[in-house]
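K.L.:
Provided below are the primary sequence and the corresponding predicted coordinates.
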Amino acid sequence: MNNKVIITGARGLIGTAVTKYLKEMKYKVVELDLTLGHDLTDEKFVKEWFSKNLASSLVNLFALNDHIEPGRKSNKLFDISLDLFNNFLQVNIIALFSVCREYARSNSSGSIVNFASTYGHVSPNPKLYEPNEKNIAYGISKAGVIQLTKHLAVHLAPHFRVNCIAPGGVKHKQSPEFQSLYGSLTPLGRMMEVEEICGMVEFLISNKSSYCTGGVYVVDGGWTAL
């Protein structure tokens, strides 16, 4: 169990990169993903699965996001439905809590790494999303991930370490105009390459971070430093 890592959302953009990287670093990776038939909003499934699958670390990358796609419905403040708002909270907060809790219930010790976002710290810059908006529920849910991480870090100590990564924008099929504007608003002048997040994940699941818990590790090219 010492080198075994469970990755939720393992088939997503970041999940795929992290899974590949950790396997190359000789970790034994167990993948959980909706595309593999794993519904992490199903509490019964979560309880049964984690009771049978022990691991030294848990990396949570599953989430409902608000992708920028041509022709999408308006996400402006006065247009979004409460049902959609609730979906973000159900997946990004409630299901995440369930997964973390069952991992901790089933193991005697370990490391948990959650993923928030820069939008858990600051509001989305309206210039990036005009004439639409980034969905308010996404940022609120990611702010909740940060608080959830801190609460678990305190109440699961000293046997579990719980930390959080808050990444900035990852380059992936956005329009050249979006990438250029994002870069102009970022001190490092560009979006993140997905591989650049992998080292931070490994650091937080390894003994190199043995005195780190309750932390929020920002990887955003300086976005939130402005």
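P.N.:
Arrived safely, thanks for sending.

K.L.:
only C-alpha atoms for contact and neighbour calcs from this point on.
P.N.:
OK.

K.L.:
Around the residue nearest to T41 when sequence neighbours are not counted, how many other residues sit close by?
P.N.:
Setting aside the residues directly before and after it, T41 is nearest to A95 in space (C-alpha to C-alpha, 6 or more residues apart in numbering), at 5.0 Å. For A95, the neighbour count with other C-alpha atoms under 10 Å is 20.

K.L.:
again with V219
P.N.:
A count of nearby residues for V219, using other C-alpha under 10 Å, gives 19.

K.L.:
How about it, nearest residue that isn't a chain neighbour?
P.N.:
Once flanking residues are discounted, V219 sits nearest to P167: 4.7 Å by C-alpha to C-alpha, 6+ apart.

K.L.:
pull the longest helix from the chain.
P.N.:
Secondary structure of the chain per DSSP state H: the longest helix is helix 136-155.

K.L.:
which outside residues touch that one?
P.N.:
For helix 136-155, the external contacting residues (C-alpha atoms under 8 Å, 6 or more residues apart in numbering) are 64-66, 77, 85, 88-89, 92-93, 97, 114-117, 119-121, 123, 160-164, 213-216.

K.L.:
and the most centrally placed residue in the chain, how far is that from K127?
P.N.:
Nearest residue to the geometric centre of the chain (C-alpha atoms, centre = their mean): F115, 2.5 Å. According to C-alpha to C-alpha, to the nearest Å, F115 stands 25 Å off from K127.

K.L.:
ok, now N65?
P.N.:
With distances taken as C-alpha to C-alpha, N65 is found 19 Å from K127.

K.L.:
more neighbours, these two?
P.N.:
A direct count of neighbours by other C-alpha under 10 Å for N65 and K127 places N65 higher, at 16 against 13.

K.L.:
Name the nearest residue to that one, ignoring sequence neighbours.
P.N.:
Leaving aside its chain neighbours, N65 sits nearest to Y138 (6.5 Å; criterion: C-alpha to C-alpha, 6+ apart).
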